[in-house]
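1. okay, sequence plus prediction incoming.
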Amino acid sequence: MLSMVSIQQQPEPWEVPAKFKSLKNPVASSTESINTGKLLYKKHCASCHGNTGLGDGVKARQLETFPGDFSKDSYQGQTDGEHFYKTKTGRGEMPAYENKVPDEDIWHIVNYMRTFKK
């Protein structure tokens, strides 16, 4: 009997325009912002990225590309502006949220995702 193994591809490097790389988060990281971001993350992101940002959400297995591990230095080393851009514009299997989630809420999500750092 043959078994089927799902192998996810690693995503291609994601180029972010310079103006977004240097963009500063206008929402201060606070307990309130992080809690707001957590609620928004669970609603919009956790199904693919997982509750703790490890890329192990229930929908992740259905994707062709690995959604990423937000606890890794390669993710945490990116600027807030890079995270904002990627969440807002999407790419491939990552949906764009620019018409679904207000900018301020994306910034709250960015603040929450910073808590995944190991």
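-> Structure's in. What do you need?

2. hey, let's count contacts and neighbours off CA atoms from now on
-> Will do.

3. how about low-confidence regions in the protein?
-> The model of the chain has pLDDT under 70 over residues 1-11.

4. pick out the residue nearest the middle of it.
-> Averaging the C-alpha coordinates of the chain gives a centre point, and the residue nearest to it by C-alpha atoms, centre = their mean is residue 87 (6.2 Å).

5. ok, then the element right after the host helix or strand of it?
-> Residue 87 is part of helix 80-89, with elements assigned from DSSP states H and E. On the C-terminal side of helix 80-89, the nearest following helix or strand under DSSP H and E is helix 103-113.

6. list the helices and strands that next one packs on?
-> Using 3 or more C-alpha pairs under 8 Å, 6 or more residues apart in numbering; DSSP states H and E as the contact definition, the elements that helix 103-113 packs against are helix 31-44, helix 80-89.

7. okay, the angle between the helix holding residue 87 and helix 103-113?
-> Using axes from the mean of the first three to the mean of the last three C-alpha atoms, to 10 degrees, the interaxial angle of helix 80-89 with respect to helix 103-113 works out to 120 degrees.

8. for helix 80-89, which positions count as buried?
-> Within helix 80-89, the residues scored as buried using 16 or more other C-alpha atoms under 10 Å are 80-88.
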